[in-house]
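>>> coords please:
(chains A and B)
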Number of protein chains: 2
Amino acid sequence: MAAELTAHDLIAKHRPTLDQALEAIRTRAYWSPHPEHPKAYGEDGSLSLAEGKAAFDALLGTRFDLSQPGTDDFVGGEVSPYGPQLGITYPHADIDTLLPAMRAGMRAWREAGAETRAVTCLEILARISARTHEFAHAVMHTSGQAFMMAFQAGGPHAQDRGLEAVAYAYVEQVRTPDTAEWTKPQGKRDPLVLTKRFTPVARGIALLIGCNTFPTWNGYPGLFASLATGNPVLVKPHPRAVLPLALTVRVAREVLAEAGFDPNLVALAAERPGEGIAKTLAVRPEIKIIDYTGSTSFGDWLEANARQAQVYTEKAGVNTVVVDSTDDYKGMLANLAFSLSLYSGQMCTTPQNLLLAREGIATDQGHKTYDEVVADLGKAVDGLLGDDARANGLLGALVNPDVKARLEAAPGLGEVALASKEISNPEFPDAVVRTPVIVKLDGAKPDAEAAYMSECFGPVSFAVAVDSTGDALELLRRTVREKGAMTVGAYTTSPEVAEAVEEVCLEECAQLSLNLTGGVYVNQTAAFSDFHGSGGNPAANAALCDGAFVANRFRVVEVRGKTV
Amino acid sequence: MAAELTAHDLIAKHRPTLDQALEAIRTRAYWSPHPEHPKAYGEDGSLSLAEGKAAFDALLGTRFDLSQPGTDDFVGGEVSPYGPQLGITYPHADIDTLLPAMRAGMRAWREAGAETRAVTCLEILARISARTHEFAHAVMHTSGQAFMMAFQAGGPHAQDRGLEAVAYAYVEQVRTPDTAEWTKPQGKRDPLVLTKRFTPVARGIALLIGCNTFPTWNGYPGLFASLATGNPVLVKPHPRAVLPLALTVRVAREVLAEAGFDPNLVALAAERPGEGIAKTLAVRPEIKIIDYTGSTSFGDWLEANARQAQVYTEKAGVNTVVVDSTDDYKGMLANLAFSLSLYSGQMCTTPQNLLLAREGIATDQGHKTYDEVVADLGKAVDGLLGDDARANGLLGALVNPDVKARLEAAPGLGEVALASKEISNPEFPDAVVRTPVIVKLDGAKPDAEAAYMSECFGPVSFAVAVDSTGDALELLRRTVREKGAMTVGAYTTSPEVAEAVEEVCLEECAQLSLNLTGGVYVNQTAAFSDFHGSGGNPAANAALCDGAFVANRFRVVEVRGKTV
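Have a look, this model is predicted:
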């Protein structure tokens, strides 16, 4: 079949973007080719806000066909955290038919080479970008994110992370040249001469196990890292967040086919309720790579049992902010209030434990007692969320009943400093929208430790009173070491404390945000510049995105000697 | 303490070498800074042949002290495969004392930065290089390699592999800049501005588990990759090959101390007979990286049980040569004869199974039947080893009684095409020196399969008769997939066969040498150019050396925000 998209055209179109991405990961300065503003879309073939909404609406209640081999049923039961049932069904696979079909296109995909694979991935991302408004609704109505966040985090930011992975994958594969002439002197005799050829080869089929809260943002790095390094990718979405990844798979299959490759290099594995196919797929011998975001228990299970695969996991952690002192008390409170509120604290990066010395902290507004700081933080959250429209726009909806249950149980853990409130959503009356709860805990009390040393995923934070900042740092160290952390924050005006908290983070391998008081938040990372997770503490065994995230997804085979 | 070696001086001395190594791994052209000829040593502070021998002799029968913390005994019982007892004892460690002491210097080693770590490693390698003649005897009298091989493979080639690992480690760490200024436009508002700092941080203590046959060549990549990425390294040598690594540890500790670092960043863990400390050490929580070369069973055990560590293993495999046809019959036979004989076939890269079509092969000397090819190969081996002095220089000694037992059992496996012969070594009458055995097997017979589908480590090869080259390729594929392979060789004049064997190697991830008829052998790889192993089949989970071998030995910690 003649390819509609030639490698030549794809290179001409996307190589400049790839080069910019390569430069960005080298300098780690700000860069993104994906506009963050909703109004930036609607021209040049991209869907406008209204078109995206219409495209999403048209999917509701339909059968989402992908023409995959071995489809034996259509399944699905997504219910939006905002209330409506999506009513979409997706292909359910006979994996004994699908997996061999996915391998069939591997040779051509390998022979295309690293550059063509990279620009083909960039074409997939470009088409996803053009449909960002459609994806925004899909992410919103599966994750419960508010529209603007679903648009940005599920759209451009996720696409950035995918592109970042492609850039890392590309540069890793071209570190070794395609060919080398090797001439070794032999004194007076003729030199030894050998021609060598080097080919990056895929490991096998990669399995992406998607998550409920950030199906695209957490899914794209693994998906694109695996695909760009030559591996077919089987996408197993979370049963409550299928649509964003199903749309992704559809776009990928379209682009692959148009570029003359086998569309089965990317496929979807939807499942019946309670089927638990991730466990079955993860130990199949064909599966050589697994990317997973989710619970610690299943992540640990994968690492222990999927021994035939390279396993990349992002699991749970307990994120800490050490509050020692500040020269911008208002800025600190506003920044923290936003971090606790965004997406109802349902981010793996949301701070959970705020560690404060019992006797209080020094600020630009004088000494503040522990009680004052906690009360002022509560007021800052109240102020931020005082307007229902703004609250809805920031909080989104609780993603599932487990989060709601944890939130409702939180007051039983200690003294409530800020109670959670119900917010009504006029557009979606069935959405469960709640403001965060802040609970005071005494760090010295053993029963409190059970609370603050476990991840309480959702809009629940603990203001933990400790004896001193030194104690806070020891607790920080222990928390990262035992429970892991995706993020650590700290506020201090003391160079000694800053150095000490940095040393804890360097020793325990956690990413640190220091004295954030403006429009950057501890729970947000920017692709091409910030690492997401460190890969060096129990919260995640990989970071997004670095050399280690891509280098073992392929191997290099050398052929040396005399070709015929 | 004032450092005798400043970072500035080390950089001035070694940066040019590092830069050349970086260029070599990029182009993969021939390069080495370590001379291969024994006569190249003896000037500029390096030991001459006589001085090296004297230095080795002076070690015999002594206590090898390293001034390590927690030394509770001195142990050792090495016996040279050439006969003599070495009589050297080494520090035995109380690991509860030694491991914490090894961590003490980590912060300073981290703060030194990637470049200073790299040039300090290069100083260690330079001092080892200057003592190559001493190492040659140490390797010879622990591995049983003949002197020239012990000199080259244990000296310059091992040092090359160590330097290669330092180069990969260095470049991986500097892919992310030390600092970045991140400025994100915000439309009409002020941009968001953040300063970010990035620090490569070690994972923890690395454990190197050495092997008997190539203590330095197989040990240096892991040792230097871990050390250059900031990790202390605990060296656990094979009980029969302690000296080469003990000398290495001594040099490393000297250089570290002179450069102002804690010498305990590198330490030795010798063991009592039967103590099996590798198993104990491997699961200690302080151990975060393990490099291992040895049996499949212990390698698999490490991968399954040392879950707290990154585990890099080189295990057993079954190496195959497909003989389809040749335009240089004599060259092929000579090349194969050398590969089978070198170090009595005790290399993880030595070919074991020679696959030949039953009806014979086409050659530049006409059609040769299966029987003729096997007989001619036997004659080539006989010719190569006909002179006892040359035979001793090529074969070395059998490394241990297990190898001898396997060699002696080989005639029971099939028809002997070439019988093994005893060679006497006038200098070392107790050395067990044997020529290789070649056994004919019928590939179609199930009882033969048990033989050729297992690794028979030592000077034993099987000439396996198959129905066709097509069958040979299927057997090659199955062998690599099920048993793994460090090397694959093939001889063919057919472009179709060459493509087919290459495709098998690409699909099954094995390194292929094609039509070698000159002075390069399938069992030898050159650092900076050839990959040793692929990391993609059961013989090894890593390749020497590539990005994946170093990228996960450290993590990058980011500190962003407002410093104090």
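>>> what about the helices in the stretch 101-250 of chain A?
For the stretch 101-250 of chain A, the helices defined by DSSP state H, counting those that start in this stretch cover A:106-130, A:132-143, A:147-154, A:156-173, A:220-228, A:243-258.
>>> low-confidence stretches in chain A?
Along chain A, the parts satisfying pLDDT under 70 run over A:1-3.
>>> hmm, try it at 80
Counting by pLDDT under 80, chain A has low-confidence residues at A:1-3, A:563-564.
>>> could you point out the longest strand in it?
Scanning chain A for the strand with the most residues, using DSSP state E, yields strand A:189-202.
>>> if you count contacts, what does that one end up packed against?
helix A:106-130, strand A:179-186, strand A:554-561, helix B:495-508 (3 or more C-beta pairs under 8 Å, 6 or more residues apart in numbering or on different chains; DSSP states H and E). For every residue, glycine as well, the C-beta is placed using N, CA and C.
>>> give me the angle between the second one and strand A:189-202.
An angle of 150 degrees separates the directions of strand A:179-186 and strand A:189-202 when computed by axes from the mean of the first three to the mean of the last three C-alpha atoms, to 10 degrees.
>>> please save the CA atoms from strand A:179-186 in PDB.
Extracted C-alpha coordinates of strand A:179-186, given in PDB (Å, rounded to 0.1, in the frame of the first residue of the first chain):
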ATOM      1  CA  THR A 179      27.400   2.200  10.900                       C
ATOM      2  CA  ALA A 180      31.000   2.400  11.900                       C
ATOM      3  CA  GLU A 181      34.300   1.600  10.100                       C
ATOM      4  CA  TRP A 182      36.700   0.200  12.700                       C
ATOM      5  CA  THR A 183      40.400   0.100  11.800                       C
ATOM      6  CA  LYS A 184      42.800  -1.200  14.400                       C
ATOM      7  CA  PRO A 185      46.500  -0.700  13.700                       C
ATOM      8  CA  GLN A 186      48.700  -3.900  13.800                       C
END
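>>> just checking: what are the partner strands of that strand?
Note on strand A:179-186: by DSSP bridges, its sheet partners are strand A:189-202 (antiparallel).
>>> and among the helices and strands packed on strand A:189-202, the most buried is which?
strand A:554-561 (a mean of 24; mean count of other C-beta atoms under 10 Å in any protein chain shown).
>>> now that one against helix A:220-228, angle please.
20 degrees.
>>> residues making contact with strand A:554-561?
Residues from elsewhere that reach strand A:554-561 (C-beta atoms under 8 Å, 6 or more residues apart in numbering or on different chains): A:172-173, A:176, A:182, A:194-203, A:229-231, B:502, B:505-506, B:509-516, B:520, B:530-531, B:534-536, B:543, B:546, B:548.
>>> the helices and strands packed on strand A:189-202: which one's closest to B:Pro35?
Between B:Pro35 and those, the shortest separation by C-beta to C-beta is 11.4 Å, and it involves strand A:179-186.
>>> ok, back up a step: so how far is the longest strand of chain A from its chain's centroid?
When C-alpha coordinates are averaged (C-alpha atoms, centre = their mean, to the nearest Å), strand A:189-202 and its chain have centres 40 Å apart.
>>> tell me the buried residues in it?
A:Leu194, A:Lys196, A:Arg197, A:Phe198, A:Thr199, A:Pro200, A:Val201, A:Ala202 (16 or more other C-beta atoms under 10 Å in any protein chain shown).
>>> I'd say the fifth one and A:Arg110 touch.
Right, A:Thr199. Yes: judged on C-beta atoms under 8 Å, A:Thr199 makes contact with A:Arg110 at a distance of 7.1 Å.
>>> got the domain ranges for chain A?
A:7-315+A:544-560, A:320-514 (automatic domain parsing).
>>> mind checking how far the closest residue to A:Phe147 other than its chain neighbours is from A:Ala50?
Excluding its sequence neighbours, the residue lying closest to A:Phe147 (C-beta to C-beta, 6 or more residues apart in numbering or on different chains) is A:Met140, at 5.4 Å. Applying C-beta to C-beta, to the nearest Å, the value for A:Met140 to A:Ala50 is 15 Å.
>>> among the two, which residue is more densely surrounded?
A:Met140 (25 against 10; other C-beta atoms under 10 Å in any protein chain shown).
>>> give the contact list for that one.
A:Met140 touches A:Ser80, A:Tyr82, A:Ala146, A:Phe147, A:Ala150, A:Phe151, A:Gly154, A:Gly396, counting by C-beta under 8 Å, 6+ apart.
>>> so the third one touches A:Gly396, yeah?
Yes: assessed by C-beta under 8 Å, A:Ala146 is found in contact with A:Gly396 at 4.0 Å.
>>> which residues do the two both contact?
Joint contacts of A:Ala146 and A:Gly396 (C-beta under 8 Å, 6+ apart) are A:Met140, A:Tyr343.
>>> in the stretch 401-550 of chain A, which spans are strands?
A:415-418, A:422-423, A:433-434, A:437-442, A:460-466, A:488-491, A:512-514 (DSSP state E, counting those that start in this stretch).
>>> JSON lines please, covering those strands and showing distance to chain B and mean neighbour count.
Shown next, in JSON lines, are the strands of the stretch 401-550 of chain A (distance: least, C-beta to the nearest C-beta, whole Å; neighbours: other C-beta atoms under 10 Å in any protein chain shown):
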{"stretch": "strand A:415-418", "distance to chain B": "25", "mean neighbour count": "18"}
{"stretch": "strand A:422-423", "distance to chain B": "27", "mean neighbour count": "14"}
{"stretch": "strand A:433-434", "distance to chain B": "28", "mean neighbour count": "22"}
{"stretch": "strand A:437-442", "distance to chain B": "23", "mean neighbour count": "23"}
{"stretch": "strand A:460-466", "distance to chain B": "20", "mean neighbour count": "26"}
{"stretch": "strand A:488-491", "distance to chain B": "8", "mean neighbour count": "29"}
{"stretch": "strand A:512-514", "distance to chain B": "4", "mean neighbour count": "26"}
